[in-house]
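Asker: Sequence unavailable; structure follows:
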């Protein structure tokens, strides 16, 4: 099986939580997770673009947004059915619309998470 590479924003508390969950589910270690927030990792494209949207590479093809999530899901047996369903153009378009809506509220959610983490310390 081909490995999937996922680039994520390790400076984002939402992203860290989601990637932590995906790492726990990725028992076969089929995904290489790359934190681009530190600037120390090799980036296949502009770092700001990688931080702005979720990106993954599957079978040598660079994907972003809902398509990148679907690639990650396909690499995890428990989530694979969701990833396969997302290959349908209509399903992927709907997921992409939802992802774009999420991107609009993401900054507010990040601020809330940062405050929550700071209060917990």
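Answerer: Perfect, I can see it now. Computed from a predicted model, the values in this text were never measured in an experiment.

Asker: Now do the contacts for residue 18.
Answerer: For residue 18, the contact set (Cβ atoms under 8 Å, 6 or more residues apart in numbering) comprises residue 8. C-beta here means a position set from N, CA and C on the backbone, and glycine is covered the same way.

Asker: Following the chain onward from the helix or strand containing it, which element is next?
Answerer: Residue 18 is part of helix 13-25 when elements are defined by DSSP states H and E. The first helix or strand that comes after helix 13-25 along the chain, using DSSP H and E, is strand 31-35.

Asker: from the chain's centre, how far out does the helix or strand that that next one is followed by sit?
Answerer: Counting by DSSP H and E, the next helix or strand C-terminal to strand 31-35 is helix 47-52. Taking Cα atoms, centre = their mean, to the nearest Å, one finds helix 47-52 lying 12 Å from the centre of the chain it belongs to.

Asker: Just the residues contacting the helix or strand following helix 47-52, thanks.
Answerer: Counting by DSSP H and E, the next helix or strand C-terminal to helix 47-52 is strand 55-58. Contacts to strand 55-58, defined as Cβ under 8 Å, 6+ apart, come from residues 2, 4-7, 44-45, 49, 62-64, 67-69, 71-72, 74-75.
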